[in-house]
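Asks: task: produce atomic coordinates for the following.
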Amino acid sequence: MTSAIECLSASTHIDNRISDLADWRGGTLRRMRALIHEAVPNVVETWKWMGTPVWECQGIICTGEHYKDKVKLTFAKGAALADPAKLFNASLDGNARRAIDIFEGDVVDAAAFKALVRAAIAHNVSVASAKAKAKRVK
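Replies: The predicted model follows:
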């Protein structure tokens, strides 16, 4: 038997998560989600790993997590992205991911964030293209 919650779309799950976060974290997640949609109108929202909002286009762009003291946006391939505005401030030591931790009262540069989202998609496209080309060569 399927429960009603399992039948909800990813976007509805994300809407509900934002509504459940009735403090600054909900507002922050709402704003960052809107910026992602402004940067990529055809972005695909998914709901993975037992309750994590994920934004995808040709692969994962970023996830949106919330903690008691912050909202964290983790870019799956952030280490490969140029970040001239220095938005990445967490998970800086790894080989793949980079994150933006947003604390109460922080203001994220909207234009720089949207550029970072677009750069993540461009990276996803280039990786997919390289993989497709390698398959054709074999």
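
Asks: going forward, measure contacts between C-alpha atoms and count neighbours the same way
Replies: Fine.

Asks: correct me, but residue 25 touches residue 101?
Replies: No. Between residue 25 and residue 101 there is no contact under Cα atoms under 8 Å: 11.4 Å.

Asks: so what sits against both of those two?
Replies: 70-71 (Cα atoms under 8 Å, 6 or more residues apart in numbering).

Asks: what sits closest to residue 37 if chain neighbours are left out?
Replies: residue 43 (6.4 Å; Cα to Cα, 6 or more residues apart in numbering).

Asks: which residues touch the one you found?
Replies: Applying Cα under 8 Å, 6+ apart to residue 43 gives the contacts 36-37, 55-57.

Asks: now, among these, which is nearest to residue 108?
Replies: Within the contacts of residue 43, the smallest distance to residue 108 is 12.6 Å, found for residue 36 (Cα to Cα).

Asks: now do stretch 12-28: distance from first to last residue.
Replies: In stretch 12-28, first residue to last residue: 17 Å (Cα to Cα, to the nearest Å).

Asks: flag every buried residue along that stretch.
Replies: 13-14, 17-18, 25-26, 28 (16 or more other Cα atoms under 10 Å).
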